[in-house]
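J.: Based on what follows, work out the 3D shape:
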Amino acid sequence: MEAMMAQAAVDASTAQNVQTMFYNVGALAASFVVGTGAIVSLLGILYMTMVVAPNATQRISGALRERNVASFFAGIPVLGLFGLVTAIVHKSQALVAVNGLVFGVVLILAFAAAAEDIGRRLYWACGKEGSRASHLAAGWLVFAFGASFPVLGWFVILPYVSLSGLGSVVVGMLPGRKPAAEMKDIEFPEK
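T.: The predicted model follows:
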């Protein structure tokens, strides 16, 4: 009788282990589906920025490409400004929501410009040309994949791209640099 009880206890613990593994695999699959859905839906939002505000996205992407260091350092006060506004109006839920909405719109424009810049550089490194949409898609997938890695992605790639993108929104709205005066060719006297 005791042998049968011991066998039943072993069978019950095995069933419990199988059930736990089943739930873990289900949670992993659900996490994968949610993550993929989030990446694809944000890619759709980024594509919409090309439809809704193509000139702004182009200008911001150009500012990021031409002045990436200035864009990064300009992104720090932009993030601080949104944080300061949130701290000031934290008692009014409506104002916090409006501030969050504005920050989200600016961040989507920043991510669109950053993704387009990353994609353009990726295509250039491969020696190919591509459309703005292909640059955006390739850049977003590389950025999303890189930012999903623990430590390096979370603390280096995501903050750098986010701050550079936020700063490029400000730098892109400033008037551009004037091109240097064109130099004339040097003319040598004939002998």
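J.: Could you say which helix or strand holds residue 17?
T.: Of the helices and strands defined by DSSP states H and E, residue 17 is found in helix 2-52.
J.: Averaged pLDDT, the helix or strand just after that helix. What do you get?
T.: Toward the C-terminus, helix 2-52 is succeeded by helix 54-66 as the next helix or strand (DSSP H and E). Mean pLDDT, taken over the full extent of helix 54-66, equals 87.
J.: Show me what the following helix or strand past helix 54-66 is packed up against.
T.: Elements were assigned by DSSP H and E; along the chain past helix 54-66, the next helix or strand is helix 68-88. Judged by 3 or more Cβ pairs under 8 Å, 6 or more residues apart in numbering; DSSP states H and E, the packing partners of helix 68-88 are helix 93-125, helix 158-173. C-beta: built from backbone N, CA, C; applies to glycine.
J.: I'd say residue 167 and residue 74 touch.
T.: Yes: counting by Cβ atoms under 8 Å, residue 167 touches residue 74, with 3.4 Å between them.
J.: Those two: which is more packed in?
T.: It is residue 167, of residue 167 and residue 74, that has more neighbours when counted by other Cβ atoms under 10 Å, with 27 against 21.
J.: Show the contacting residues for that one.
T.: Contacts for residue 167 were tallied using Cβ atoms under 8 Å, 6 or more residues apart in numbering; they are 70, 71, 72, 73, 74, 75, 76, 78.
J.: Now pLDDT and distance to residue 85 too, for those residues, in JSON lines please.
T.: Supplementary listing: the contacts of residue 167 in JSON lines, determined by pLDDT from 0 to 100; distance: Cβ to Cβ, whole Å:
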{"residue": "70", "pLDDT": "92", "distance to residue 85": "23"}
{"residue": "71", "pLDDT": "93", "distance to residue 85": "21"}
{"residue": "72", "pLDDT": "94", "distance to residue 85": "21"}
{"residue": "73", "pLDDT": "95", "distance to residue 85": "20"}
{"residue": "74", "pLDDT": "94", "distance to residue 85": "17"}
{"residue": "75", "pLDDT": "95", "distance to residue 85": "16"}
{"residue": "76", "pLDDT": "95", "distance to residue 85": "15"}
{"residue": "78", "pLDDT": "95", "distance to residue 85": "11"}
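J.: Which of the residues you listed are buried, as a ChimeraX select command?
T.: With 16 or more other Cβ atoms under 10 Å as the criterion, this ChimeraX line picks the buried residues out of the contacts of residue 167:
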select :70,71,72,74,75,78
